[in-house]
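S.K.: Okay, sequence plus prediction incoming.
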Amino acid sequence: NQPSYGDPTVTSTAVTLTWSNNGTGATGWRMLKNTPQGWVEIGSPMAADVFSIEDTGLTPGAYYAYWLIKDTAAGAVYAATYITIIPPAQAPAKPAFASAWGGSGQATLTWQDNSSNEDGFRVLRYVGGSWVDVSGALAPGTTTFTDTGLAPGQYAYWITAYNASGTSYGPALISASVY
(Lines give C-alpha, C1' and ligand atoms only; values in the text may rest on other atoms or scores of the structure.)
Protein backbone atom coordinates (compact mmCIF):
# COMPACT_ATOMS: atom_id res chain seq x y z
CA ASN A 1 0.00 0.00 0.00
CA GLN A 2 1.08 3.54 -0.71
CA PRO A 3 2.04 5.76 2.23
CA SER A 4 0.05 8.95 2.86
CA TYR A 5 1.12 12.35 4.14
CA GLY A 6 0.06 13.96 7.40
CA ASP A 7 -0.35 17.71 7.78
CA PRO A 8 3.02 19.44 7.44
CA THR A 9 4.21 21.85 10.14
CA VAL A 10 5.56 24.90 8.32
CA THR A 11 7.48 27.91 9.64
CA SER A 12 9.08 30.67 7.58
CA THR A 13 12.34 28.67 7.28
CA ALA A 14 11.52 24.99 7.97
CA VAL A 15 8.99 22.23 7.39
CA THR A 16 8.34 19.02 9.29
CA LEU A 17 6.75 16.37 7.08
CA THR A 18 4.90 13.39 8.56
CA TRP A 19 3.35 10.30 7.02
CA SER A 20 1.49 7.06 7.67
CA ASN A 21 2.57 3.61 6.52
CA ASN A 22 -0.86 2.41 5.26
CA GLY A 23 0.18 -1.20 5.17
CA THR A 24 3.03 -3.49 6.07
CA GLY A 25 6.40 -4.39 4.67
CA ALA A 26 8.23 -1.08 5.03
CA THR A 27 11.96 -1.61 5.49
CA GLY A 28 12.69 2.13 5.47
CA TRP A 29 11.80 5.53 4.06
CA ARG A 30 13.37 8.14 1.79
CA MET A 31 12.23 11.71 1.14
CA LEU A 32 12.87 13.46 -2.16
CA LYS A 33 12.88 17.24 -2.63
CA ASN A 34 12.38 18.98 -5.96
CA THR A 35 15.36 21.26 -6.64
CA PRO A 36 16.64 23.06 -9.75
CA GLN A 37 18.76 19.92 -10.31
CA GLY A 38 15.66 17.68 -10.17
CA TRP A 39 14.38 15.40 -7.41
CA VAL A 40 17.13 14.78 -4.83
CA GLU A 41 17.09 12.75 -1.62
CA ILE A 42 17.20 14.80 1.58
CA GLY A 43 18.62 13.44 4.79
CA SER A 44 19.69 9.84 5.19
CA PRO A 45 17.51 6.84 4.46
CA MET A 46 15.22 6.46 7.48
CA ALA A 47 14.30 3.38 9.49
CA ALA A 48 10.93 1.68 9.07
CA ASP A 49 9.68 3.09 12.41
CA VAL A 50 10.41 6.75 11.53
CA PHE A 51 7.42 8.77 10.33
CA SER A 52 8.71 12.37 10.07
CA ILE A 53 11.56 14.45 8.70
CA GLU A 54 12.47 18.12 9.07
CA ASP A 55 13.88 20.23 6.23
CA THR A 56 15.46 23.50 7.36
CA GLY A 57 17.05 26.51 5.68
CA LEU A 58 14.00 27.23 3.52
CA THR A 59 13.36 30.63 1.96
CA PRO A 60 10.12 32.35 3.00
CA GLY A 61 7.72 32.66 0.07
CA ALA A 62 9.54 30.05 -2.07
CA TYR A 63 7.84 26.92 -3.49
CA TYR A 64 8.97 23.48 -2.28
CA ALA A 65 7.82 19.99 -3.29
CA TYR A 66 8.52 16.68 -1.51
CA TRP A 67 7.89 13.06 -2.52
CA LEU A 68 7.95 10.15 -0.07
CA ILE A 69 9.32 6.72 -0.96
CA LYS A 70 8.54 3.60 1.08
CA ASP A 71 11.30 1.01 0.72
CA THR A 72 10.16 -2.63 0.85
CA ALA A 73 11.80 -5.99 0.19
CA ALA A 74 10.03 -5.97 -3.19
CA GLY A 75 11.23 -2.48 -4.15
CA ALA A 76 10.27 1.17 -3.80
CA VAL A 77 6.67 2.29 -3.35
CA TYR A 78 6.12 5.99 -4.05
CA ALA A 79 3.39 8.02 -2.37
CA ALA A 80 0.52 8.64 -4.81
CA THR A 81 1.59 12.26 -5.26
CA TYR A 82 4.02 14.78 -3.92
CA ILE A 83 3.28 17.41 -1.28
CA THR A 84 3.97 21.12 -1.78
CA ILE A 85 4.54 23.90 0.72
CA ILE A 86 5.30 27.60 0.61
CA PRO A 87 6.86 28.89 3.85
CA PRO A 88 5.13 32.09 4.95
CA ALA A 89 7.03 35.32 4.62
CA GLN A 90 7.18 37.28 7.85
CA ALA A 91 7.94 40.86 8.73
CA PRO A 92 10.78 41.18 11.24
CA ALA A 93 10.08 41.39 14.96
CA LYS A 94 9.89 44.96 16.16
CA PRO A 95 12.88 46.53 17.90
CA ALA A 96 12.57 46.88 21.69
CA PHE A 97 13.96 48.75 24.67
CA ALA A 98 14.64 51.89 22.68
CA SER A 99 16.16 54.89 24.38
CA ALA A 100 17.42 58.29 23.34
CA TRP A 101 19.52 61.03 24.85
CA GLY A 102 20.32 64.47 23.61
CA GLY A 103 23.55 66.35 23.39
CA SER A 104 24.93 69.44 21.76
CA GLY A 105 23.24 69.49 18.34
CA GLN A 106 22.57 65.76 18.29
CA ALA A 107 20.45 62.91 19.60
CA THR A 108 21.72 59.36 20.02
CA LEU A 109 19.27 56.46 19.88
CA THR A 110 19.81 52.81 20.85
CA TRP A 111 17.55 49.77 20.65
CA GLN A 112 17.51 45.99 20.88
CA ASP A 113 17.43 44.01 17.64
CA ASN A 114 14.72 41.35 18.19
CA SER A 115 14.77 39.72 14.77
CA SER A 116 17.05 37.68 12.58
CA ASN A 117 15.25 38.36 9.30
CA GLU A 118 15.40 42.12 8.92
CA ASP A 119 16.85 43.70 5.81
CA GLY A 120 17.65 46.73 7.96
CA PHE A 121 16.39 49.47 10.25
CA ARG A 122 15.15 53.03 9.81
CA VAL A 123 14.92 55.81 12.35
CA LEU A 124 11.97 58.15 11.88
CA ARG A 125 11.77 61.65 13.41
CA TYR A 126 8.53 63.60 13.83
CA VAL A 127 8.88 66.75 11.71
CA GLY A 128 6.11 69.24 10.97
CA GLY A 129 3.21 66.83 11.48
CA SER A 130 4.66 63.74 9.80
CA TRP A 131 7.29 61.04 10.30
CA VAL A 132 10.46 61.49 8.26
CA ASP A 133 13.19 58.90 7.69
CA VAL A 134 16.33 60.56 9.08
CA SER A 135 18.68 57.57 9.03
CA GLY A 136 18.25 56.06 5.58
CA ALA A 137 18.64 52.29 5.40
CA LEU A 138 20.70 51.04 8.35
CA ALA A 139 22.35 47.62 8.08
CA PRO A 140 20.83 44.50 9.67
CA GLY A 141 22.00 44.12 13.26
CA THR A 142 22.44 47.87 13.79
CA THR A 143 21.46 48.97 17.31
CA THR A 144 22.47 52.63 17.48
CA PHE A 145 22.07 55.81 15.43
CA THR A 146 23.08 59.43 16.03
CA ASP A 147 20.96 62.18 14.47
CA THR A 148 23.21 65.21 14.00
CA GLY A 149 22.90 68.87 13.00
CA LEU A 150 19.90 69.49 15.24
CA ALA A 151 18.81 72.85 16.65
CA PRO A 152 18.10 72.98 20.39
CA GLY A 153 14.71 71.49 21.25
CA GLN A 154 12.74 68.32 21.92
CA TYR A 155 12.68 65.59 19.24
CA ALA A 156 10.47 62.49 18.94
CA TYR A 157 11.67 59.27 17.25
CA TRP A 158 10.36 55.91 16.16
CA ILE A 159 12.58 52.96 15.21
CA THR A 160 11.49 50.44 12.57
CA ALA A 161 12.78 47.10 11.30
CA TYR A 162 11.91 46.14 7.74
CA ASN A 163 12.20 43.41 5.11
CA ALA A 164 10.40 42.53 1.88
CA SER A 165 7.39 41.25 3.87
CA GLY A 166 6.76 44.42 5.84
CA THR A 167 7.80 46.94 8.44
CA SER A 168 7.60 46.51 12.21
CA TYR A 169 7.42 49.64 14.32
CA GLY A 170 9.39 49.64 17.53
CA PRO A 171 8.22 50.40 21.02
CA ALA A 172 6.46 53.55 22.13
CA LEU A 173 7.84 56.80 20.84
CA ILE A 174 11.10 57.96 22.37
CA SER A 175 12.27 61.53 22.73
CA ALA A 176 15.50 63.43 23.26
CA SER A 177 16.22 66.99 24.38
CA VAL A 178 18.94 68.62 22.31
CA TYR A 179 20.84 71.67 23.56
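M.R.: Yep, it's here. Residues are numbered from 1 along each chain as shown.
S.K.: Find the residue closest to the residue in the chain sticking out farthest from the centre in space, skipping its chain neighbours.
M.R.: The C-alpha centroid of the chain is most remote from Ala74, which lies 42.2 Å away (C-alpha atoms, centre = their mean). Counting by C-beta to C-beta, 6 or more residues apart in numbering, Ala74 lies nearest to Gly25, which is 7.4 Å off, once chain neighbours are set aside. Backbone N, C-alpha and C define where each C-beta goes, glycine included.
S.K.: Please apply the same query to Gly136.
M.R.: Gly136 sits nearest to Arg122 (C-beta to C-beta, 6+ apart), 7.4 Å away.
S.K.: roughly how far apart are the one you found and Tyr157?
M.R.: As for Arg122, its distance to Tyr157 is 11 Å (criterion: C-beta to C-beta, to the nearest Å).
S.K.: swap in Ala151?
M.R.: When Ala151 is compared with Tyr157 (using C-beta to C-beta), they lie 16 Å apart.
S.K.: And Arg122 and Tyr157? Which one has more around it.
M.R.: More neighbours surround Tyr157 than the other of Arg122 and Tyr157, with 23 against 18 (other C-beta atoms under 10 Å).
S.K.: which SS state does the more buried one fall under?
M.R.: strand (DSSP: H, G, I helix; E, B strand; the rest coil).
S.K.: hang on, isn't it packed against Pro171?
M.R.: No. Under the criterion of C-beta atoms under 8 Å, Tyr157 is not in contact with Pro171, lying 10.8 Å apart.
S.K.: Need the residues touching each of these two.
M.R.: Ala98 (C-beta atoms under 8 Å, 6 or more residues apart in numbering).
S.K.: where in this protein is pLDDT low?
M.R.: Across the chain, the ranges flagged by pLDDT under 70 are 172.
S.K.: what ranges do the helices span in it?
M.R.: Shown for the chain, no helices are assigned by DSSP state H.
S.K.: What is the burial count for Asn1?
M.R.: Using other C-beta under 10 Å: Asn1 sits among 12 other residues.
S.K.: you'd agree it is up against Thr72?
M.R.: No. In this structure Asn1 lies outside contact range of Thr72 using C-beta under 8 Å: 10.1 Å.
S.K.: Just give the nearest non-adjacent residue to Gly120, would you?
M.R.: What sits nearest to Gly120 in space, not counting adjacent residues and going by C-beta to C-beta, 6+ apart, is Ala137, at 4.7 Å.
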